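# I would like to see how this sequence folds:
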Amino acid sequence: MELQIVHFIRTVLLIQICLLWSGQCLSLHFTNQQPIYVIKGHSLILQVQLDLQDGERVAKVTWDYKANNSAKILTVAEFPGRVSNGRVTVDQQGSTLKIRDYHPADSGIYTVTVTNQSGQRRSEQQVVQEYLAVNHVSVMVNVSHCTLHCMEAWGTEPTFTWLHEQAAVTEEVGRVSADGTSLYISSSCCGHFTCVVSNKLGHSSGTYTAEPCERKNKATTAVVVCSLLMLLLVTSLVFLLWRRHRYQSNRRERLIEPYEDTL
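Below you'll find the predicted structure:
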């Protein structure tokens, strides 16, 4: 956000200065100010926005490329003019550069230079990197605070998800940090805690194993056993009372003689 504000202020000042000097001013900026990440085999598309004044027109557009850790600058495309190879095309009067079948060697810094009919030149740069899969996920624990930290090696745009005993972490188990990398455990620190890191290319995971949650399991088993014993005891008591009631009823019936009904 701060970079966008600085870029906007710089553009406004540049326009004002140019208008005072010559009545014309060439301004341009990339539609995406952040570094661009491209998946291997996909297409890289760079687009620059041109802000032309009345009567101003573009005479030439040049796209240059410098690989990471290299001082050599190569011209990728010119408009009007040529392109470096069959994978490269330019559209929209040179304001859009497209490279098909992107591979890691295409990563680096791309510079677009625009020249107007008065010979004024303006340049802007865009950083391009390969979109990488997540790798080497690990979980570290802070025992004193019962906090787990998830780390990932170099994946692009990683997202973090926590599981406890293969189920999603609930508020009863713990609280996840805003960026998802940390889990603050609020219940007993036991069982298996798994951190799953994912992005567009897949996912990877790491697990921290604490002491088994035996106490909870034992307590649950004890409750079940006690409940069964209580149910058995009540059933036996009801059966005994029923038998006693039936015995007493039969005994009263036998005490009444048949001839007493005829009196």
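# which stretches of the stretch 51-200 of the chain form strands?
Counting by DSSP state E, counting those that start in this stretch, the stretch 51-200 of the chain has strands at residues 58-67, 73-79, 88-91, 96-99, 108-116, 121-130, 138-142, 147-151, 159-164, 167-168, 174-176, 182-185, 192-199.
# gap between the third one and the chain center?
In terms of CA atoms, centre = their mean, to the nearest Å, the gap separating the centre of strand 88-91 from the centre of its chain is 32 Å.
# how is this structure carved up into domains?
Domain assignment for the chain, taken from automatic domain parsing, gives 2-130, 138-209.
# follow-up on the earlier one: and Ser236, which of the strands of the stretch 51-200 of the chain is closest to it?
strand 167-168 (39.4 Å; CB to CB). C-beta: built from backbone N, CA, C; applies to glycine.
# run me through the strand neighbours of the closest one, direction for each.
Using DSSP bridges, strand 167-168 pairs in its sheet with strand 159-164 (antiparallel).
# give me the contacts around the strand it pairs with.
If you take CB atoms under 8 Å, 6 or more residues apart in numbering as the criterion, strand 159-164 is touched by 148, 150, 168-169, 173-174, 176, 179-181, 183, 191-199.
# filter those to the buried ones?
For those, a burial check counting by 16 or more other CB atoms under 10 Å picks out 148, 150, 169, 173-174, 176, 180-181, 183, 191, 193-199.
# quick check: Thr181 touching Leu148?
No: contact status for Thr181 versus Leu148: not in contact, 9.4 Å apart, counting by CB atoms under 8 Å.
# hmm, who's touching stretch 31-38?
Stretch 31-38 is contacted by residues 3-4, 7, 44, 46-49, 102, 106, 126-131, 156-157 when judged by CB under 8 Å, 6+ apart.
# now it, how far from the centre of its chain.
Using CA atoms, centre = their mean, the offset of stretch 31-38 from its chain centre is 18 Å.
# next, the contact list for the nearest residue to Thr209 once chain neighbours are set aside, please.
Nearest residue to Thr209, sequence neighbours excluded (CB to CB, 6 or more residues apart in numbering): His192, at 5.4 Å. Applying CB under 8 Å, 6+ apart, we find His192 in contact with 164-166, 207-210.
# could you do Val134 as well?
152-153, 155, 158, 197-199, 201-204.
# quick one: low-confidence residue ranges for the stretch 101-250 of the chain.
Scanning the stretch 101-250 of the chain with the threshold set as pLDDT under 70 gives 215-226, 238-239, 242-243, 245-250.
# wait, what's in contact with Val197?
Per CB under 8 Å, 6+ apart, neighbours of Val197: 134, 137, 150, 152, 155, 158-161, 203-206.
# swap in 7 Å and give it another go.
Applying CB atoms under 7 Å, 6 or more residues apart in numbering, we find Val197 in contact with 134, 137, 150, 152, 155, 158, 160, 203-205.
# quick check: beta-bridge partners of the residue nearest the centre of the chain?
Central residue of the chain (CA atoms, centre = their mean): Thr159, 2.6 Å from the mean position. Beta bridges link Thr159 to Ser198, judged by DSSP bridges.
# ok, which pair from the contacts of His192 is furthest apart?
Gln166 and Ala210 (14.5 Å).
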